[in-house]
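>>> Below are the sequence and a predicted model for it; my questions follow.
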Amino acid sequence: MRLEPSKQIDPKGLKVWQITGGIISFIAILLLGGFFVVHFILRPLPIWLLAVGCILALLFALLQTWLLPKLRWKRWRYEVTEHEIELKYGVIIVKRTLIPMVRVQHVDTRQGPLLRAYQLSSVTISTAATTHEIPALSNDVADELRNRISILARVAEEDV
Amino acid sequence: MSEKKRLHPVAMLLSVIKAAREAALPLVFFVFVGGGNGYSWWHFLIIGSLLLFTLGNGVLGWFFYNYHIENNELRIHQGFVFRKKRFIPRERIQSIDFSQGLIQRAFGLVKVQIETAGGGGEPEVVMSALRRADAEILRSELYQKRKAVTEDEMEEVEQEQPLLYKLSWRELLITASTSGGIGVVLSFVAAIASQVDDFIPNRFYESVTERVLDATVPLLLLAVAFLLLISWFFSVVGTVLKYGGFVLSRHENDLIINRGILEKRQLTIPVHRIQAIRIVEGILRQPFGYSALYVESGGGGGKEEQFSTILFPLVKRKRVKTLLGEILPEMAIHEERSSLPLRAKRRYVIRFLLPVILPVGVLTYVVPYGAYSLLLLPLCCVIGYIHYRDAGFGVKKDVALLQFRQISRTRVYVARKNIQSMEMETTLLQEPKQLTTFKVSILSSLAGKQFRVKDIEQLNGEELLNWYSFRPKKNKNQV
């Protein structure tokens, strides 16, 4: 058995994902509102259609704001050692990724407005062929991680 | 070579031809549509100035284009209005290709294309016309620390090349006639269908033709078969022109590929740039024991080759190992292969059944004689089973083998040092069965390329991760 990566991402990340989920649900609900507008103003639609729409929207909102972010957060694990970076994440498809330090081309940290509001950043690791992201780390951890990976990658220099 | 060199003056001609080809359509439009009320002097003025502009552009473009090697970099200066300088470090060059179109051949010149890693389909440098000797010098300057050899020395070296693989005419014809893949199968099917026609009950025709159209079915089928045959014929001719005179040779640390009948191409692939080897057995070739060899490298490769380079278009299965062992001993080909667990079989079969079941159901229910489509179901089972049977993976020392089928049976050999990252993907449905999909990413000319084998044992997946892992451990090779 291979040991699983152990570090978790910042708890505030969960909040950010829930807010993102909330925004998406809001858009879905607006769409549903469109149906009601048609129903009341243009011409009546069958009631079952509206009911199904309401239930779907509710389920969707529940998934987006509660279940998925929670599972996603719970599943996210990463570990950075001297020789490699290992990630494990995903709800429906669990992905486990191994990136050797020698293969790292560059590391970025970045944050959108939402992440910034919560003092979070995500770290993006690029190889010559792929890009990987560790989402929602606190600014300090992210900066430290970026610097560390960058130094380790430079030590492990080797041409492609 | 620090003095600046220009291209051969024929480059001017080529640039004008290229411009003319690009301008042809708008020009025709301009002449025919614009000249509705007869031509006036300004028509000629515009055309004249356009012509002058292209000519001038060709001449000035040639005059201001020069290249030289300095500080281990290829430096290209070009442009007179917008000056562009492009410096390419020698170590970053992935491949240098020579090709000869008709014009280049007439003047004994070559077109040089230089590729670096990534950057999409277009080569980073295209020099449309260089004297052969200049091109050879440029290449030897750019590759390693080899001394620039003069032309006759070059020939000498070429004569004593021990390793040379040629594609015989017979092999070329087999390659050409089996390359069309699905097209050939379709034409075959259509040809049979047109014969089978007599055996289908008349009622079928009545019900179908009444609903769909009045044209007779045999005529329609014949037309389709004819079209497919024609397209197959063209694909054969195209392949023959493309791969005619195929010669693969090894020259120190480079693989050199010469091919083409009308347009001659020469590709040079430095061995250390090779990322992976792909052995593909197409469905038409597999029964005869033939396969095609591809190499994945950082640069080169066009769309039709899926952004990799064809190493040899047709090899007997038994000869693959000897050929690669001789021409590319760096890549240790092996036959170490584990199959998938039995419980993966059902998943493979379902994967092929699922997309078919719904359409078949609809056909059976709606279309007369649609129930014949039920025959597709066992066919899908067989296809799924074959995909399951042929999937596998293996590791020996530092080379991993991934075998899978995407219609064609494909084997990919990739060295540990060329794997950019490795991934295990487990879906919710795979989890309870302890199966996983493992995925390997390598560098290719189009950003990156992924190869995957679905439904391997989770434990095996972890062993593969361990094999790939750079974490120091005791028994690394025990996989």
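Cool, the structure landed.

>>> Pull the contacting residues for residue A:149.
Residue A:149 makes contacts with A:80, A:85, A:101, A:104, A:107, A:123, A:125, as judged by Cβ atoms under 8 Å, 6 or more residues apart in numbering or on different chains. For every residue, glycine as well, the C-beta is placed using N, CA and C.

>>> My guess is residue B:414 contacts residue B:395. True?
No: using Cβ atoms under 8 Å, residue B:414 is not in contact with residue B:395, being 10.5 Å away.

>>> who has more neighbours, these two?
residue B:414 (24 against 20; other Cβ atoms under 10 Å in any protein chain shown).

>>> Just say helix, strand or coil for that one.
strand (DSSP: H, G, I helix; E, B strand; the rest coil).

>>> Not counting its neighbours along the chain, what's nearest it?
residue B:276 (4.1 Å; Cβ to Cβ, 6 or more residues apart in numbering or on different chains).

>>> how near is that neighbour to residue B:392?
17 Å (Cβ to Cβ, to the nearest Å).

>>> picking up where we left off before, what is the distance between the helix or strand containing the residue nearest to residue B:414 and the centre of its chain?
Residue B:276 belongs to strand B:274-281 when assigned by DSSP states H and E. Centroid displacement of strand B:274-281 relative to its chain, using Cα atoms, centre = their mean, to the nearest Å, is 11 Å.

>>> same question, stretch B:267-282
Distance, stretch centre to chain centre, for stretch B:267-282: 11 Å (Cα atoms, centre = their mean).

>>> Buried residues, that stretch. List them.
B:267-271, B:273-282 (16 or more other Cβ atoms under 10 Å in any protein chain shown).

>>> Next: stretch B:238-247.
Result for stretch B:238-247 [16+ other Cβ under 10 Å]: buried residues B:239, B:240, B:242, B:243, B:244, B:246.

>>> which parts of chain B sit against chain A?
Chain B comes close to chain A at residues B:91, B:117-118, B:298, B:417, B:419-428, B:431, B:441-444, B:447-449, B:459, B:462-463, B:465-466, B:468-472, as judged by Cβ under 8 Å from any Cβ of the partner chain.

>>> Just the buried ones from these, in PyMOL syntax?
Here is the PyMOL command that picks out the buried ones among the residues of chain B next to chain A, judged by 16+ other Cβ under 10 Å:
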select buried, chain B and resi 117+118+298+419+420+421+422+423+424+425+426+427+441+442+443+444+447+448+449+462+463+465+466+468+469+470+471
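
>>> Around residue B:128, how many other residues sit close by?
Neighbours of residue B:128 under the rule other Cβ under 10 Å: 24.

>>> Would you confirm that it belongs to a strand?
Yes: membership of residue B:128 in a strand is supported by three-state DSSP.

>>> Please report how far it lies from chain A.
29 Å (Cβ to the nearest Cβ, to the nearest Å).

>>> hang on, that residue packs against residue B:15?
Yes: assessed by Cβ under 8 Å, residue B:128 is found in contact with residue B:15 at 7.0 Å.

>>> coming back round to it: isn't the residue nearest to residue B:414 up against residue B:411?
No: the pair residue B:276 / residue B:411 is not scored as a contact, 10.4 Å apart, by Cβ under 8 Å.

>>> in its sheet, what does the strand holding residue B:276 sit against?
strand B:290-297 (antiparallel), strand B:408-415 (antiparallel) (DSSP bridges).

>>> Distance to residue B:106 and mean pLDDT added to these, as a markdown table?
Shown next, in a markdown table, are the strands paired with strand B:274-281 (distance: least, Cβ to Cβ, whole Å; pLDDT from 0 to 100):
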| stretch | distance to residue B:106 | mean pLDDT |
| --- | --- | --- |
| strand B:290-297 | 31 | 89 |
| strand B:408-415 | 39 | 92 |
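
>>> So which of those strands is nearest residue B:142?
Residue B:142 lies closest, by Cβ to Cβ, to one member of those: strand B:290-297, at 15.6 Å.

>>> mind checking the longest helix of chain A?
Looking across chain A with DSSP state H, the single longest helix is helix A:11-37.

>>> any idea how far that one is from the chain center?
Computed by Cα atoms, centre = their mean, the chain-centroid distance of helix A:11-37 equals 15 Å.

>>> now do stretch B:410-428
For stretch B:410-428, the distance to the chain centre is 20 Å (Cα atoms, centre = their mean).

>>> Endpoints of that stretch, how far apart?
Stretch B:410-428 has an end-to-end distance of 27 Å (criterion: Cα to Cα, to the nearest Å).

>>> can you give me phi and psi for the residue lying closest to residue A:21 once chain neighbours are set aside?
Nearest residue to residue A:21, sequence neighbours excluded (Cβ to Cβ, 6+ apart): residue A:64, at 3.4 Å. Main-chain torsions, residue A:64, degrees, to the nearest 10: phi -70, psi -40.

>>> tell me, what residue is most central in chain A?
Centroid-nearest residue in chain A, with Cα atoms, centre = their mean: residue A:135, separated by 5.7 Å.

>>> Could you look up the SS state of that residue?
Going by three-state DSSP: residue A:135 is strand.

>>> Just to confirm, what confidence does the model report for the nearest residue to it once chain neighbours are set aside?
Leaving out its chain neighbours, the residue that sits closest to residue A:135 by Cβ to Cβ, 6+ apart is residue A:122, at 4.5 Å. We have a pLDDT of 93 for residue A:122.

>>> Residue A:122 should be in a strand, yeah?
Yes: applying three-state DSSP, one finds residue A:122 inside a strand.

>>> Next, count neighbours for it.
With other Cβ under 10 Å as criterion, residue A:122 counts 18.

>>> pretty sure it contacts residue A:131?
No: using Cβ under 8 Å, residue A:122 is not in contact with residue A:131; the gap is 11.6 Å.

>>> shared neighbours, those two?
Common contact partners of residue A:122 and residue A:131 (Cβ under 8 Å, 6+ apart): none.

>>> Low-confidence ranges, the stretch 151-300 of chain B, go.
Scanning the stretch 151-300 of chain B for pLDDT under 70 picks out B:151-162, B:180-217, B:298-300.

>>> Please, where are all the strands along it?
Applying DSSP state E, counting those that start in this stretch to the stretch 151-300 of chain B gives strands spanning B:164-166, B:247-251, B:254-259, B:264-270, B:274-281, B:290-297.

>>> Distance to residue B:22 for those - can I get that in TSV?
TSV is the format used below for the strands of the stretch 151-300 of chain B (distance: least, Cβ to Cβ, whole Å):
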stretch	distance to residue B:22
strand B:164-166	38
strand B:247-251	34
strand B:254-259	27
strand B:264-270	23
strand B:274-281	35
strand B:290-297	31
